[in-house]
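Undergrad: let me see the structure of the following:
(3 chains)
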Amino acid sequence: MTVKEIADILEANIISNPKERDIDIKSACSTDMMSAVLYYHTPNSLLITSLNQPQVIRTAEIAGIKTIVFVLNKKPDQHIVEHAENKNISLLITPLCMYSASGRLYQAGLPGCSQKF
Amino acid sequence: MKLDDVVKEISLDLKTCNSCLNNQVTGAYVSDLLSDVMANSKDGNIWITLQMHMNIVAVAGLNNLAGIVVVGGRQPDQEILKKAETEKVAIMTTPLTTFEIAGRLYQMLN
Amino acid sequence: MTLNLNDTVEGSFQLIGGNFVNAGEASTQLKVKLLELGVKEEIVRRVTIATFEAEMNVIIYAAAGSVHYYIKPDHIRIKIEDMGPGIEDIKLAMQEGYSTAPDWVREMGWGAGMGLPNMKKNSNKFNIDTVVGEGTTIEMVINFG
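TA: Residues are numbered from 1 along each chain as shown, chains lettered A, B, ... in the order given. Predicted structure coming up:
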């Protein structure tokens, strides 16, 4: 699934890194806990979160995640957006809650990121 | 829809409060942040989270949630299960991730 | 896999307790260093994750700490020391889900009780030394494959 397709399904705005729009997202992980992001570090995975904190970008970068969706229209501060842009991480904002966002993507066929080690 | 239907359909493992299987399910709430759940979840919601510390029982009770699904194969310890049993809060576990459980519930309830 | 090194490559970072702004800086710089040296991306990710979790523990629980790393041709050893409260029960602390984090930490997305397990899972050798009231030292060795 491309970032654009995800944005369409989630009625989301892409607020950072439009040039990454064609990355193929292979799975999704929904969490607010950073250690969970690190636990399920799956390449080409989408992070769906409500945690609007700078740590999210740092954690995503370390986990190798390139696309983050913030739910409930949580708008990250400018410095968070800049940090994401520096690290080539795409940011999307959806008005949906985490449940609906996850639900819609799941129904659209996106698998969960349950690769463990 | 009753909690019993959900438990059966999604193969959840009910750990506490058998009588809770009769609870009416109004929807689901997905969050790992307790303040968020307290502010925004609705009566009868099933709460999906990876959190399994003591506070989750109080939150579920205060918000009159239908139950809590603890994901990722995580197992709340005995102390927490005991408290949930006493307070009549249903705790269910699953090896699946939040995204997957949310997805399945969404398909069931929507 | 072995790197072409003449000598051990080592370095260190200082960590300040409570400093969430720069949290992760040490791990990220270590990541850059390892990629420069030619370590496989998959291994670098494991090192970075393990180091980051250790860094966060210091920042969340301790007054201060440090990260020292020693890179040899076929592995890296990382030593994270802190002046923190120490760990009362290591076995309990290693259980997934167990956390002594206060509520405000949980609200910031930490304290899920996965930090120590994540560190152990990502390393080939893992050791904790701790003294309650004084601090904790974690040593990890990750082989380059």
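Undergrad: look up phi and psi at C:Ile43.
TA: Dihedral angles phi and psi of C:Ile43 (degrees, to the nearest 10) take the values phi -70, psi -40.
Undergrad: quick one: it and C:Asn122 touch, right?
TA: No: look at C:Ile43 against C:Asn122 with C-beta atoms under 8 Å: they stay out of range, at 9.6 Å. C-betas here are computed from N, CA, C, even on glycine.
Undergrad: which SS class is C:Val32?
TA: helix (DSSP: H, G, I helix; E, B strand; the rest coil).
Undergrad: any idea how far the nearest residue to A:Asn13 once chain neighbours are set aside is from C:Gly109?
TA: Nearest residue to A:Asn13, sequence neighbours excluded (C-beta to C-beta, 6 or more residues apart in numbering or on different chains): A:Ile93, at 5.2 Å. Separation of A:Ile93 from C:Gly109 (C-beta to C-beta, to the nearest Å) stands at 18 Å.
Undergrad: neighbour count: those two, which is higher?
TA: Between A:Ile93 and C:Gly109, counting by other C-beta atoms under 10 Å in any protein chain shown, C:Gly109 is the more crowded of the two (25 against 22).
Undergrad: distance of that one from chain A?
TA: Separation of C:Gly109 from chain A (C-beta to the nearest C-beta, to the nearest Å) stands at 5 Å.
Undergrad: that residue contacts A:Met33, doesn't it?
TA: Yes: between C:Gly109 and A:Met33 there is a contact under C-beta under 8 Å: 5.5 Å.
Undergrad: got any ranges where chain C has weak pLDDT?
TA: For chain C, no stretch is flagged by pLDDT under 70.
Undergrad: report the spatially nearest residue to the closest residue to chain B within it, omitting neighbours in sequence.
TA: When distances are taken as C-beta to the nearest C-beta, chain C reaches nearest to chain B at C:Gly97, 5.0 Å away. In space, and not counting its chain neighbours, C:Gly97 is closest to C:Gly113: 4.3 Å by C-beta to C-beta, 6+ apart.
Undergrad: what's near enough to touch that neighbour?
TA: Counting by C-beta atoms under 8 Å, 6 or more residues apart in numbering or on different chains, C:Gly113 makes contact with A:Ser35, B:His53, C:Gln95, C:Glu96, C:Gly97, C:Tyr98, C:Ser99, C:Ala101.
Undergrad: if we use 6 Å, what do you get?
TA: C:Gly97, C:Tyr98, C:Ser99 (C-beta atoms under 6 Å, 6 or more residues apart in numbering or on different chains).
Undergrad: got these as a markdown table, with neighbour count and secondary structure columns?
TA: Shown next, in a markdown table, are the contacts of C:Gly113 (neighbours: other C-beta atoms under 10 Å in any protein chain shown; DSSP: H, G, I helix; E, B strand; the rest coil):
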| residue | neighbour count | secondary structure |
| --- | --- | --- |
| C:Gly97 | 19 | coil |
| C:Tyr98 | 18 | coil |
| C:Ser99 | 22 | coil |
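Undergrad: let me know the closest of the residues you listed to chain A.
TA: For those, the nearest to chain A is C:Ser99 (9.4 Å; C-beta to the nearest C-beta).
Undergrad: state the helix or strand in which the residue nearest in space to the middle of chain B lies.
TA: Nearest residue to the geometric centre of chain B (C-alpha atoms, centre = their mean): B:Ile68, 1.3 Å. Element membership for B:Ile68 (DSSP states H and E) is strand B:67-70.
Undergrad: what does chain C put close to chain A?
TA: C:Gly24, C:Arg45, C:Thr48, C:Ile49, C:Phe52, C:Gly109, C:Trp110, C:Ala112, C:Met114, C:Gly115, C:Asn118 (C-beta under 6 Å from any C-beta of the partner chain).
Undergrad: mind checking how far the closest residue to A:Lys75 other than its chain neighbours is from chain B?
TA: Using C-beta to C-beta, 6+ apart and skipping residues adjacent in sequence, the residue nearest A:Lys75 is A:Ile93, 6.1 Å away. Separation of A:Ile93 from chain B (C-beta to the nearest C-beta): 16 Å.
Undergrad: which residues does A:Ile93 contact?
TA: Going by C-beta under 6 Å, 6+ apart, the list of residues near A:Ile93 reads A:Ala12, A:Asn13, A:Ile15, A:Phe70, A:Asn73.
Undergrad: partners of it in the sheet?
TA: A:Asn13, A:Phe70 (DSSP bridges).
Undergrad: give me the local confidence score for it.
TA: Predicted confidence (pLDDT) for A:Ile93: 98.
Undergrad: and for A:Ile23?
TA: 80.
Undergrad: now tabulate the residues of chain C next to chain A in TSV and tack on secondary structure and distance to chain B.
TA: Listed next are those as TSV, based on DSSP: H, G, I helix; E, B strand; the rest coil; distance: C-beta to the nearest C-beta, whole Å:
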residue	secondary structure	distance to chain B
C:Gly24	coil	19
C:Arg45	helix	19
C:Thr48	helix	22
C:Ile49	helix	17
C:Phe52	helix	18
C:Gly109	coil	8
C:Trp110	coil	11
C:Ala112	coil	6
C:Met114	coil	9
C:Gly115	helix	14
C:Asn118	helix	13
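Undergrad: cool, thanks, signing off.
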